[in-house]
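> Need the 3D shape of this:
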Amino acid sequence: MPLPIEPESRVSEELAEAMEAIVNDPDIEEPVTLALVRDKLREQLATQGVEAERHDFGNEESLYAEIEALIDEFGEDAFAADFTTVKASQELSEVIESILDNSEADIAPTLGTVREAMTEGWLAHLVGNGVIETDGEESLLAEIDFLIERYGPDFLAENVLGFE
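Numbers count the residues shown, from 1 in each chain. Sure, this is the predicted structure:
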């Protein structure tokens, strides 16, 4: 299931990082929308004594200008999480890579098939070969479950690899 918005093509790395920090803020209980991100950026600029203006790309207000452009295109109620990507940790990326390396060339593993392989003995195989540590199995399962919840079980596993 592809993302409805391709974040890499829509959002600068700086704005994606700012959005991710707001999305992950445990003190924010409401859904994080583009409007909320804009308001948080406006607050940050105000604490620096800067008035936010949407036309000032190329300076410290450019994130504010960028979020305004996104709001113009997608609306205030668009979820900020749709504009950020979540990548697998290095350890989960190694698990996914090992599954990719051992799968048939014409079959691209999905997050669902990776989880299935993990629960059917692949993690034990990797622990036995010293690829991962024995105490990391539960956190890896929790991480793949989070990715499945975020992207769906049919999302291609290679798209969440966190390292190149």
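
> In the protein, where is pLDDT below threshold?
The chain contains residues with pLDDT under 70 at 1-9, 49-61, 134, 163-164.

> At which residues are the helices of it located?
Assignment of helices within the chain using DSSP state H yields the ranges 7-10, 13-23, 34-47, 62-74, 90-101, 111-117, 123-128, 137-151.

> which of these sits most buried?
helix 111-117 (a mean of 20; mean count of other CB atoms under 10 Å). Just so you know, the C-beta spots here come from the backbone N, C-alpha and C atoms, and that holds for glycine as well.

> Does anything pack onto that helix? Which helices or strands?
helix 90-101, helix 137-151 (3 or more CB pairs under 8 Å, 6 or more residues apart in numbering; DSSP states H and E).

> Spit out the contact partners of residue 133.
For residue 133, the contacting residues are residue 127, by CB atoms under 8 Å, 6 or more residues apart in numbering.

> So it versus residue 110, what's the distance?
According to CB to CB, to the nearest Å, residue 133 stands 25 Å off from residue 110.

> do the same with residue 94
The gap separating residue 94 from residue 110 is 18 Å, by CB to CB.

> try residue 140
Counting by CB to CB, the gap between residue 140 and residue 110 amounts to 16 Å.

> cool, residue 29 as well?
Counting by CB to CB - residue 29 and residue 110 are separated by 32 Å.

> The two: which is more packed in?
Legend: neighbour count by other CB atoms under 10 Å for residue 29 and residue 110, higher for residue 110 (20 against 6).
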